[in-house]
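Novice: with the input below, show me the fold.
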Amino acid sequence: MNIDKIIFGFAGSMILLSVALAWMHSTYWLILAGFVGANLLQSSFTGFCPAAVILKKMGVRPGNAF
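Specialist: Take a look at the predicted model:
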């Protein structure tokens, strides 16, 4: 598994978790979904993703995007 697949899987999981928590508890959890979405958007323009940097330091194989 490479960094790209891990990042996309993690981001998708965080968005789904945020929506579920907003539905069950408080709509303030949607802030997390907005943050994850904004981070994905900025990384598509800049190529910088904090999670990708951490995964690269952990020795995960790089992908095409990161």
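
Novice: could you use CA atoms for every contact and neighbour count after this?
Specialist: Noted.

Novice: so what's the residue positioned nearest the centre of the chain up against?
Specialist: In the chain, the centroid-proximal residue (Cα atoms, centre = their mean) is Ala11; its distance is 3.0 Å. Under the criterion of Cα atoms under 8 Å, 6 or more residues apart in numbering, the contact partners of Ala11 comprise 36, 40.

Novice: what is the subsequent helix or strand relative to the helix or strand where it lies?
Specialist: Here Ala11, judged by DSSP states H and E, is contained in helix 3-24. Tracing the chain past helix 3-24, the next element assigned as helix or strand by DSSP H and E is helix 30-46.

Novice: tell me how far the residue nearest to the centre of the chain lies from Ala20.
Specialist: Distance, Ala11 to Ala20, using Cα to Cα, to the nearest Å: 14 Å.

Novice: so what's the closest residue in space to Trp29 that isn't next to it in sequence up against?
Specialist: On the basis of Cα to Cα, 6 or more residues apart in numbering, the spatially nearest residue to Trp29 that is not a chain neighbour turns out to be Ala22, at 5.0 Å. By Cα under 8 Å, 6+ apart, the residues touching Ala22 are 28-30.

Novice: what about Ala52, how many neighbours?
Specialist: Residues contacting Ala52 under the criterion other Cα atoms under 10 Å number 21.
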